[in-house]
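Participant: from the sequence below, what's the structure:
(one chain, ligands or ions: 1)
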Amino acid sequence: MNTDVSAPNARQASAEAFTADVEPHLIVIFGGTGDLAHRKLLPALYNLLSAREFADTIEVLAVATSDRTDEEYRESVGEALKDAGIEGSEQWCAEFLHYQSLKPGYDQLASRIASIEKSSGLPGNRVFYLAIPPQVFDDTIKGLGEAGLASGPGKVKVVIEKPFGDDLESASELNRILFECFDETQIYRIDHYLAKETVQNLMAFRFGNPLFEASWNRVGIESVQITFEEDIGIAGRARYFDRSGIIRDVIQNHLLQVLTIVAMESPVQLDQMSIRDEKVKVLRAISPLRPEEVVRGQYTSANGELGYLEEEGVPNDSVTETYAAVRFMIDNWRWQGVPFYLQAGKRLEERLTRVTIVFRGPPVYLFDRDGHRQAEPNVLHIILQPNEGFDLRFQMKTPGEGYDLATESLGYRYADSFADLPPAYETLLADVLIGDQTLFVRSDEVEEAWRIVDPILDASDKPHGYPVGTKGPIEGDRIPALDGDRWID
Ligand code: BG6
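Facilitator: Residues are numbered from 1 along each chain as shown. Predicted coordinates for the structure are as follows:
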């Protein structure tokens, strides 16, 4: 653990780069009274904007369906910011935060936008942030279009939260509706995993360290394992989660995005088009999943903790999966024959998101012990959260006679070099303001990801049970066993 206060602060460095590029904007948050706005967006915006020279060139207009005054809204945001550990936000709220009810309609909203821009001297750059339930995406996008808000005197951008559709058909339809009003350069589809510093570092790790490149392929790698474990459950979101399940909730988006970065070719340059082009090529090379490549689970009560079916709002015959293990095969030159196993679940033993690269063993095994091969593979664990860092496992001779091997590891932890990592939402909001779409998902990427998981959505058979606090259902082992492998700890 690093206690050196002079350690470089990633947040400060990115803040400086950001300050130079940002133009004045009005940020319009749809769903301004909702949980996402209060818990994530407004604290992130406040942290991003406060203490920056341009803080007074960004105004925020929250929009929702209820009636309330600016003052009432500011009060509720002040409380939410306090809950997020932010004190002294009153002046910022009073000066830069406004509220508009959507009840009178979009024309009224357009007038309010024009009036704020006029009184604050803003040039008409607008961000429409849709922090709303997906059922109202369509109407909101159409409303913006019909009120003439999809283009404006300045740059207009629209930010869409997940879920982006709930299968291939609905995602394509949502893209179609968006394209009636906006073009791709205006659309920012959020996947907050892309903004995690450790996920971005996957690219730096791969393309900044040629050491690993020679074996980063089917010749050097036996399998890739991506693990997403959460100890929390559905956190009161039964209505959403029961219709979603873990495959839609994190595999189709966050984990497939991580997979593409692990598997992609080097982009020609580090610009948004080159990076997104390489990522989508990986997705295109993945065949749609087959039922035998998936195992589903659902947590059951244990040690006095509720099982999924006892959670408030979950139907007692629900077959929604809270755990899934899946195998993806990438049908291209680099990855032919290398399985990518993914495992994701709620209410598991611990919180851990990790990519594990299992390298191929030596071509000839020299080291036997009592007639058994000592054949632990080299393993690279890339830990995305928590305790972010890397561990590279290798074999060592233990001191003494003969050749007894033991597994040791080289480790690195971010916390040893960097004081803190910027929260994902701050990074995403900064990129929207700058106009950098690299960390947002393009229309073809989102549709390809749905194409891959589409055949395994909405299974009707009962998932395998696993007690809360365990590693998931034992049947999950069937996925690596498809290729004679096992999950690596
Ligand atoms: C969200 C999912 O997108 O990601 C949640 O809806 C999940 O169910 C969350 O808990 C995980 O994000 P993080 O950043 O905590 O790993």
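Participant: tell me how far the closest residue to R334 other than its chain neighbours lies from the ligand.
Facilitator: Closest residue to R334 apart from its sequence neighbours, by C-beta to C-beta, 6 or more residues apart in numbering: N217 at 4.7 Å. To be clear about C-beta, it is placed using only N, CA and C from the backbone, and glycine gets the same treatment. Counting by C-beta to the nearest ligand atom, to the nearest Å, the separation of N217 from the ligand is 29 Å.
Participant: surely Y341 and A324 touch.
Facilitator: No. Using C-beta atoms under 8 Å, Y341 is not in contact with A324; the gap is 11.1 Å.
Participant: higher neighbour count, these two?
Facilitator: A324 (29 against 25; other C-beta atoms under 10 Å).
Participant: contacting residues for the more buried one?
Facilitator: By C-beta atoms under 8 Å, 6 or more residues apart in numbering, the contact list for A324 reads G245, I246, I247, I251, V294, V295, R296, G297, L342, Q343, A344, G345.
Participant: tell me which element I113 falls in.
Facilitator: Per DSSP states H and E, I113 falls inside helix 106-120.
Participant: in that helix, what's buried?
Facilitator: Y106, L109, A110, R112, I113, I116, E117, S120 (16 or more other C-beta atoms under 10 Å).
Participant: got those as CSV, with distance to the ligand and pLDDT columns?
Facilitator: Converted to CSV, those look like this (distance: C-beta to the nearest ligand atom, whole Å; pLDDT from 0 to 100):
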residue, distance to the ligand, pLDDT
Y106, 29, 96
L109, 28, 97
A110, 32, 97
R112, 31, 97
I113, 29, 97
I116, 31, 96
E117, 33, 95
S120, 33, 92
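Participant: what sits closest to whichever residue of the chain sits closest to the ligand if chain neighbours are left out?
Facilitator: Per C-beta to the nearest ligand atom, the residue of the chain with the smallest distance to the ligand is D249, at 4.8 Å. Leaving out its chain neighbours, the residue that sits closest to D249 by C-beta to C-beta, 6+ apart is F241, at 6.6 Å.
Participant: what number of residues lie near K162?
Facilitator: If we define neighbours as other C-beta under 10 Å, then K162 has 19 of them.
Participant: residues contacting it?
Facilitator: R189, I190, D191, N253 are the contacts of K162 under C-beta under 8 Å, 6+ apart.
Participant: isn't the first one up against V446?
Facilitator: Which is R189. Yes. If you go by C-beta under 8 Å, R189 and V446 touch, sitting 6.1 Å apart.
Participant: report the secondary structure state of I357.
Facilitator: With DSSP: H, G, I helix; E, B strand; the rest coil as the basis, I357 sits in strand.
Participant: how about it: which residues does it bridge to?
Facilitator: With DSSP bridges applied, I357 shows beta-bridge pairing to V224, L380.
Participant: my guess is it meets P377, correct?
Facilitator: No. Under the criterion of C-beta under 8 Å, I357 is not in contact with P377, lying 9.6 Å apart.
Participant: these two: which has the busier surroundings?
Facilitator: I357 (22 against 19).
Participant: quick one: pLDDT of the more buried one?
Facilitator: Listed pLDDT for I357 reads 98.
Participant: same deal with D404?
Facilitator: D404 carries a pLDDT score of 87 in this model.
Participant: neighbours of the closest residue to it other than its chain neighbours, just the number please.
Facilitator: In space, and not counting its chain neighbours, D404 is closest to T398: 4.6 Å by C-beta to C-beta, 6+ apart. By other C-beta under 10 Å, 10 other residues sit near T398.
Participant: and T398, how far from E408?
Facilitator: Plainly put, T398 is 10 Å away from E408 if you go by C-beta to C-beta, to the nearest Å.
Participant: helix, strand or coil for the nearest residue to G32 once chain neighbours are set aside?
Facilitator: Counting by C-beta to C-beta, 6+ apart, A62 is the residue found nearest to G32 once chain neighbours are left out, at 2.5 Å. Per three-state DSSP, the secondary structure class of A62 is strand.
Participant: run a quick neighbour tally on A62.
Facilitator: Counted with other C-beta under 10 Å, residues neighbouring A62 total 28.
Participant: how close does it get to A84?
Facilitator: Here A62 is placed at a distance of 16 Å from A84 (C-beta to C-beta).
Participant: tell me how many other residues crowd H98.
Facilitator: There are 22 residues near H98, going by other C-beta under 10 Å.
Participant: list the contacts for the residue nearest to D249?
Facilitator: Each residue near F241 by C-beta under 8 Å, 6+ apart is listed here: I234, D249, T320, T322.
Participant: quick one: it is in a strand?
Facilitator: No. Using three-state DSSP, the assignment for F241 is helix, not a strand.
Participant: pLDDT wise, what is it at?
Facilitator: According to the prediction, F241 has pLDDT 95.
Participant: ok, now the one 4 residues further on?
Facilitator: G245 carries a pLDDT score of 97 in this model.
Participant: P423 too?
Facilitator: For P423, the pLDDT comes out at 84.
Participant: that one against L41, yeah?
Facilitator: No. P423 is beyond contact range of L41, at 11.1 Å (criterion: C-beta under 8 Å).
Participant: more neighbours: which of these two?
Facilitator: A count of neighbours by other C-beta under 10 Å puts L41 above the other of P423 and L41, at 25 against 19.
Participant: who's in contact with the more buried one?
Facilitator: Residues in contact with L41 (C-beta under 8 Å, 6+ apart) are I29, Y129, A131, Y425, L429.
Participant: of these, buried ones?
Facilitator: I29, Y129, A131, Y425, L429.
Participant: out of those residues, which are inside strands?
Facilitator: The members of the buried ones among the contacts of L41 that map onto strands under DSSP state E are I29, Y129.
Participant: picking up where we left off before, now do the residue of the chain closest to the ligand against Q272, distance only.
Facilitator: Distance of D249 to Q272, given as C-beta to C-beta: 26 Å.
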